[in-house]
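Peer 1: Structure, please.
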Amino acid sequence: MAKKKKFNPKTHFEYKGTIFTKRPHIEDFVEEIKKAGILTPTTCTKVLKSFKREGLENFAAIENMTMADFGLIPNISEKVAKKLAEHKLVVASEGNPIQSFEDQIELTKNRRYLETRVIELNKNLNDGAGVGFRTGSLVEFFGKAQTGKTQWMYDLAVRVMLPKEKGGWGQSVLYLDTEGAYSVQRILKSGLYWGLTEEDFHKKMYYISPRVLRTGSDLLTHLNTLDDFILERDIGLIIVDSIIQPFKNEFKMVSGDGLKFMGKRQSLLGQVLFKLKTLAQSYEILACYTNQVIANIGGAMMGPKEVPVGGDTVSHASDLRFSLKKTKRAATGAVTRKMTLVDCGWLPPSVSEYCLTSYGIVDPGDIQAVMDFEKNVEDAINDKTKPLLNHMGQEIERSPFFSQANIPLVDFDFDDDETEVSV
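Peer 2: All right, here's what the predicted structure looks like:
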């Protein structure tokens, strides 16, 4: 007697009395079609062999395929292609393609919210149900160099890794670094402020380097393999820093003769962004990416001087889109920056101010607290008998990295003349 499949709401769903796997491997996808009687066992064997020959290994490889796409695979008839396309939609919608309003309300109960260190931003991110960045969202941060794009990625990563009692999610983070800007030292310093140790990072911080993210095609390939990894490692945040760099590598020119590649580049970019949003929504996690800016030559007299790279493909993809800019110099010597929420489907435009420090993004009102904290760290490194305390005055484990490092005092005064030009 066949063993009945155990139902787990995180990995399975029920449809017409049958249990199916969410985002299954191809073997499971075909096996469940066979058990449900959608296709005959003989046909399923042929379908699986055809999928394997085409290199289709998981649901991510077929989720964007149409009935016509299935029909182009050798040995798959039009009738079989129709059945495959129909069941793919069942799996994609987890058995509920048409949702009632009650279903929609139920889905909102699974959302979680990630608060930041910036008081004004938290207020601006209040959607009436929670405060902060909410799960299921795709968030873009764009701006010139040294406006804090990468530092925001570090800070959100730290917040996700923090235990729930400290305001975090207690989950892991996957960082896809396409530019090589990732710094172990900087993210460790951001974590130290909250009491995270190197051991915490060992357990929860995962990284993919630019060496294997050279092109947009490489990026999409990696994203298409993440389903199992997200579940196995309890990923709460996916970061891509930056989204456009691998496409600049793959498509060297998008002007002159290179314009003929524009459609291909934008199509591939759209697939990457759609995949990021799908992962965020499917697993109720957060997905964030940074983006570069270019001079807005056509808008020299009107509109912004710089615009984010990627055109409409990028501008319509994210759920929240932030423009980061440097603003003014505070009395403390810190250069405040502002982030403008320029686009969101459920929040009005807003502006929030923040400061960059050696220990991450902070509220402008917390500059002195960070300076006091850094003095404590410096004293603890110079005098091993003194305890190392987090910003709340709680003693934390000494990190081997910080025990050996010569950490300078905070340098708040960044160069005002930085530029970043992308083509």
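
Peer 1: Residue nearest the middle of this protein, spatially speaking?
Peer 2: In the chain, the residue lying closest to the centroid (CA atoms, centre = their mean) is residue 287, at 2.4 Å.

Peer 1: Leaving out sequence neighbours, find the closest residue to that one.
Peer 2: Among residues not flanking residue 287 along the chain, residue 280 sits closest, at 4.1 Å (CB to CB, 6 or more residues apart in numbering). C-beta: built from backbone N, CA, C; applies to glycine.

Peer 1: And the one you found, how far from residue 58?
Peer 2: 18 Å (CB to CB, to the nearest Å).

Peer 1: Run the chain-centre distance for the host helix or strand of the residue nearest to the centre of the chain.
Peer 2: Assigned by DSSP states H and E, residue 287 belongs to strand 286-291. What separates the centre of strand 286-291 from the centre of its chain is 5 Å, taken as CA atoms, centre = their mean, to the nearest Å.

Peer 1: contacts for that strand?
Peer 2: Outside of strand 286-291, the residues within contact range by CB atoms under 8 Å, 6 or more residues apart in numbering are 114, 133-142, 149-150, 152-153, 156, 160, 236-244, 276-277, 279-280, 308-310, 314, 318.

Peer 1: Now which of the residues you listed would you call buried?
Peer 2: 114, 133-142, 149-150, 152-153, 156, 160, 236-244, 276-277, 279-280, 308-310, 314, 318 (16 or more other CB atoms under 10 Å).

Peer 1: So which of those residues belong to helices?
Peer 2: 149, 150, 152, 153, 156, 160, 276, 277, 279, 280, 314 (DSSP state H).

Peer 1: before we move on, back to that, doesn't residue 136 make contact with the residue nearest to residue 287?
Peer 2: Yes. If you go by CB atoms under 8 Å, residue 280 and residue 136 touch, sitting 5.4 Å apart.

Peer 1: Can you give me every residue that contacts residue 18?
Peer 2: 32, 35, 36.

Peer 1: Can you tell me which of these has the most neighbours?
Peer 2: Within the contacts of residue 18, most neighbours by other CB atoms under 10 Å means residue 32, with 20 neighbours.

Peer 1: who touches that one in this structure?
Peer 2: Here residue 32 is in contact with 18, 20, 21, 24 (CB under 8 Å, 6+ apart).

Peer 1: Assign the second one to helix, strand or coil.
Peer 2: The one in question is residue 20. strand (DSSP: H, G, I helix; E, B strand; the rest coil).

Peer 1: ok, it touching residue 12?
Peer 2: Yes. Using CB under 8 Å, residue 20 is in contact with residue 12, at 6.6 Å.

Peer 1: what about the two, which has more around it?
Peer 2: A side-by-side neighbour count of residue 20 and residue 12, using other CB under 10 Å, places residue 20 first with 22 against 16.

Peer 1: about what we covered before: what average pLDDT does the strand holding residue 287 get?
Peer 2: Across strand 286-291, pLDDT averages out at 96.

Peer 1: Repeat that for stretch 380-394.
Peer 2: 74.

Peer 1: buried sites along that stretch?
Peer 2: 380, 381, 388, 389, 390, 391.

Peer 1: what about that stretch, start to end distance?
Peer 2: 13 Å (CA to CA, to the nearest Å).

Peer 1: With stretch 314-322 instead?
Peer 2: Where stretch 314-322 begins and where it ends lie 12 Å apart, using CA to CA.

Peer 1: contacts for it?
Peer 2: Counting by CB under 8 Å, 6+ apart, 133, 137-142, 243-244, 269-270, 273-274, 277, 289, 291, 308, 339-345, 347 sit against stretch 314-322.

Peer 1: at 7 Å instead, please
Peer 2: The contact list for stretch 314-322 (CB atoms under 7 Å, 6 or more residues apart in numbering) reads 137-141, 269, 273, 277, 291, 308, 339-345.

Peer 1: residues of it that come out buried?
Peer 2: 314, 315, 317, 318, 319, 320, 321, 322.

Peer 1: ok, of these, which one's closest to residue 263?
Peer 2: Ranked by distance to residue 263 (CB to CB), the buried residues of stretch 314-322 are led by residue 314 at 15.1 Å.

Peer 1: Show the model's pLDDT score for the closest one.
Peer 2: 84.

Peer 1: again with residue 107
Peer 2: 81.

Peer 1: Tell me which helix or strand it sits in.
Peer 2: Going by DSSP H and E, residue 107 is part of helix 101-108.

Peer 1: Residue 179 too?
Peer 2: Short version, using DSSP H and E: residue 179 is in no helix or strand.

Peer 1: Just read off the phi/psi values of it.
Peer 2: phi -110, psi -20 (degrees, to the nearest 10).

Peer 1: Count the neighbours of it for me.
Peer 2: Neighbour tally, residue 179, other CB under 10 Å: 16.

Peer 1: Then residue 16?
Peer 2: 8.

Peer 1: Same check on residue 97?
Peer 2: For residue 97, using other CB under 10 Å, the count is 10.

Peer 1: What number of residues are in the vicinity of the closest residue to it other than its chain neighbours?
Peer 2: Spatial nearest neighbour of residue 97, chain neighbours left out: residue 89 (6.3 Å); criterion: CB to CB, 6+ apart. Close neighbours of residue 89, defined as other CB under 10 Å, add up to 10.
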